[in-house]
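Trainee: Make a model of this:
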Amino acid sequence: MVNQFVSARFMMLLMLVAAMLSGCVTTTDSRFAREADRQKALADYVQLASAYIGQGNFERARHHLERALEIDSKNSPALAAKGLVFASEGEPELAESNFRRSISADSKNTRANVYYGAFLYGQGRMEEARDQFAKASGDTGYQDRGSVFFNLGMTQEQLGDLSSAVSSYRRATELTRSDPKTLLALSRVLLETGDVKSADFYYSRLLTIMQRSDRLQHSSESLLVGVRIARLLDKRDQEASLALMLRNNFPESAELRQYKVLMSNGQ
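Mentor: Next up, the predicted model:
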């Protein structure tokens, strides 16, 4: 279960790539114009490669990254993207080498820290992953900073540092304007720390968002978290409703088995 979760999270990060750019590269006799064209070609190759990575077309991605690295063998974005390709192809040593080279080439490349952190998480190296995400979280200009705090919270949770995980998930919730997965994670960890009222507060926000969207559906995990909160707060109608959905929609799930254990133990 944990390995599937880790793999899913890593693949989600592979999809966080820039959109494909169009246009051709022009050249002039001006030294400054030639350098500008060189940098544009380099950026275009990396963004094309990123688009192909997002599509799962690693062969085409590799082709464009090789062209980019022919222009600049130490280009940090290209090296980070190449690390993703190697990671996706099951080459962890080559992946890590490229991630490290990318960060060495540009210590301010936050995306490289995020990619490397996701790779380390997938390898089960939680402390190292936490450090990469912690570093990335300090970049206030990073576009997807909410996801960085969510990833940081996941590593802290895996390491058993629940108080830090709560802080990271709270920050992620603030930055993502109540993203459902973040609300669920925060509710779950608050429940584990014994702060049931706060868990109920964030879980209620999750339910409100779900009621307003036809796209969002409960998972077995979200139902179990809700059942546990409702049970502890003696919200019998809510517990019965969520428990019924858990039984009907996920009859073979580990979460239903956990609920049955709670029932049998009178918890």
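Trainee: Show me where the protein dips below the pLDDT cut-off.
Mentor: 1-35, 266-267 (pLDDT under 70).
Trainee: biggest helix in it, by residue count?
Mentor: When every helix of the chain is counted residue by residue (DSSP state H), the longest turns out to be helix 31-55.
Trainee: List the buried residues in the helix or strand just after it.
Mentor: Sequence-wise, the next helix or strand downstream of helix 31-55 (DSSP states H and E) is helix 58-71. The neighbour-count check on helix 58-71 (16 or more other Cβ atoms under 10 Å) flags 58, 61-62, 64-65, 67-69 as buried. For the C-beta atoms, the positions are set from N, CA and C on the backbone; glycine is no exception.
Trainee: who does the next helix or strand after helix 58-71 touch, helix- and strand-wise?
Mentor: For helix 58-71, the succeeding helix or strand toward the C-terminus, using DSSP H and E, is helix 76-88. With contacts taken as 3 or more Cβ pairs under 8 Å, 6 or more residues apart in numbering; DSSP states H and E, helix 76-88 sits against helix 2-14, helix 31-55, helix 58-71, helix 92-105, helix 110-122.
Trainee: now the ones you listed as a markdown table including distance to E157?
Mentor: Below are these laid out as a markdown table (distance: least, Cβ to Cβ, whole Å):
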| stretch | distance to E157 |
| --- | --- |
| helix 2-14 | 11 |
| helix 31-55 | 27 |
| helix 58-71 | 31 |
| helix 92-105 | 23 |
| helix 110-122 | 11 |
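Trainee: Out of those, which is the most enclosed?
Mentor: helix 110-122 (a mean of 25; mean count of other Cβ atoms under 10 Å).
Trainee: Following element in sequence after that helix, please.
Mentor: helix 126-137.
Trainee: and the angle from that following helix to helix 110-122?
Mentor: 160 degrees (axes from the mean of the first three to the mean of the last three Cα atoms, to 10 degrees).
Trainee: From the chain's centroid, how far away is helix 126-137?
Mentor: In terms of Cα atoms, centre = their mean, to the nearest Å, the centre of helix 126-137 is found 12 Å from the chain centre.
Trainee: tell me which residues of that helix are tucked away?
Mentor: Applying 16+ other Cβ under 10 Å to helix 126-137 flags 126, 128-137 as buried.
Trainee: For the stretch 101-250 of the chain, just list every one of the helices.
Mentor: Remark: helices assigned in the stretch 101-250 of the chain by DSSP state H, counting those that start in this stretch are 110-122, 126-137, 145-158, 162-176, 180-193, 196-211, 220-232, 236-249.
Trainee: Dump the ones you listed to CSV, plus distance to A78.
Mentor: Converted to CSV, the helices of the stretch 101-250 of the chain look like this (distance: least, Cβ to Cβ, whole Å):
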stretch, distance to A78
helix 110-122, 10
helix 126-137, 19
helix 145-158, 21
helix 162-176, 28
helix 180-193, 30
helix 196-211, 38
helix 220-232, 38
helix 236-249, 45
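Trainee: among those helices, which is nearest S102?
Mentor: Among the helices of the stretch 101-250 of the chain, the nearest to S102 by Cβ to Cβ is helix 110-122 (4.2 Å).
Trainee: distance of the closest residue in space to H63 that isn't next to it in sequence from R145?
Mentor: Among residues not flanking H63 along the chain, A49 sits closest, at 8.0 Å (Cβ to Cβ, 6 or more residues apart in numbering). Plainly put, A49 is 24 Å away from R145 if you go by Cβ to Cβ, to the nearest Å.
Trainee: cool, and N248?
Mentor: 38 Å.
Trainee: Which one of these two is surrounded by more residues?
Mentor: R145 (20 against 9; other Cβ atoms under 10 Å).
Trainee: hang on, that one packs against S168?
Mentor: No: counting by Cβ atoms under 8 Å, R145 sits too far from S168 to count as a contact (11.4 Å).
Trainee: buried set for stretch 75-94?
Mentor: 75-88.
Trainee: before we move on, what about stretch 173-188?
Mentor: For stretch 173-188, by 16+ other Cβ under 10 Å, it's 173, 175-176, 179-188.
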